[in-house]
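Trainee: Just to be clear, the model below is a prediction. Sequence and coordinates:
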Amino acid sequence: MDIAILVNFSLLTLMMLVVVVLIRLKSLLGVALTNGIYSLLSAGLFVTMDAVDVAFTEAAVGAGITTVLLLGTIAVTGMEQTVSRHGKFLPLVVIFITGAALIYGTLDMPPFGDPKAPIHTHVAPHYLTESTNEIGIPNVVTSVLASYRGYDTLGEVIVIFTAAIGVLLLLGKTVGKRNK
């Protein structure tokens, strides 16, 4: 058996085990820490797929910043989950509706790996052949993220920053209410 297949299978098995643990946990602190473990396993899986840039982002955002924000939220709101006012049926309905919407959104996509897909016939060949000459950066992924898609990357950073400000404002209101 190939070592890469063994590593991928092991990582996927560990991720499934972590998901089972996440579902069964009642402690919010345990959920936050286990979520960080899942993100690190996911980053390891991205490394095995030679997507080191995505792995770095997953490790930094998923395991790092998200875990810190979750721990900060738990410090403000409490360690235990409150009992839900609705039954177990409503979350299941929301999950199925969201899943159906996501599947519906992918129906008009070209088949995976289709060499005649628009991305393979227009933009990607230009990036692969001309990025070193146009940008001067030998790594194509870096040139795409830093230059060709610079405004997209800036927009993504603004969205994350805005979300963090929103969370901090909500937490600030919660702290003010608890101290009164």
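Mentor: Cool, the structure landed.
Trainee: Using PDB, write out the CA atom coordinates for stretch 60-70.
Mentor: Below are the C-alpha coordinates for stretch 60-70, written out as PDB (Å, rounded to 0.1, in the frame of the first residue of the first chain):
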ATOM      1  CA  ALA A  60      -3.800  29.800  11.300                       C
ATOM      2  CA  VAL A  61      -7.500  30.600  11.000                       C
ATOM      3  CA  GLY A  62      -9.200  27.300  11.800                       C
ATOM      4  CA  ALA A  63      -7.000  26.100  14.700                       C
ATOM      5  CA  GLY A  64      -5.600  29.400  15.700                       C
ATOM      6  CA  ILE A  65      -7.800  32.400  15.500                       C
ATOM      7  CA  THR A  66     -11.100  30.500  15.700                       C
ATOM      8  CA  THR A  67     -10.100  28.600  18.800                       C
ATOM      9  CA  VAL A  68      -9.000  31.800  20.500                       C
ATOM     10  CA  LEU A  69     -12.300  33.500  19.600                       C
ATOM     11  CA  LEU A  70     -14.300  30.500  20.800                       C
END
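Trainee: and the lowest-mean-pLDDT helix or strand in the chain, what does it pack onto?
Mentor: Within the chain, no helix or strand scores below helix 150-179, which has a mean of 73 by mean pLDDT, DSSP states H and E. Judged by 3 or more CB pairs under 8 Å, 6 or more residues apart in numbering; DSSP states H and E, the packing partners of helix 150-179 are helix 66-77. The C-beta positions use only the backbone N, C-alpha and C, and glycine is treated the same way.
Trainee: From the chain's centroid, how far away is the helix it packs on?
Mentor: Counting by CA atoms, centre = their mean, to the nearest Å, helix 66-77 is centred 17 Å from the centre of its parent chain.
Trainee: from now on call the first residue 8
Mentor: In the new count, where the first residue is 8, that last one comes out as helix 73-84.
Trainee: Could you give the average pLDDT over that helix?
Mentor: Averaged across helix 73-84, pLDDT comes to 84.
Trainee: Show the average pLDDT along the next helix or strand after that helix.
Mentor: Sequence order places helix 96-112 as the next helix or strand after helix 73-84, per DSSP states H and E. Computed over helix 96-112, the mean pLDDT rounds to 92.
Trainee: buried set for helix 96-112?
Mentor: Neighbour counts over helix 96-112 (16 or more other CB atoms under 10 Å) mark no residue as buried.
Trainee: next one: stretch 11-30
Mentor: Of the residues in stretch 11-30, those buried under the neighbour-count criterion (16+ other CB under 10 Å) are 18, 21-22, 25.
Trainee: just checking, which of these belong to strands?
Mentor: Among these, no member is found in strands (DSSP state E).
Trainee: Kindly reformat those residues as CSV containing distance to V166.
Mentor: Conversion of the buried residues of stretch 11-30 to CSV gives the following (distance: CB to CB, whole Å):
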residue, distance to V166
L18, 29
L21, 30
M22, 26
V25, 27
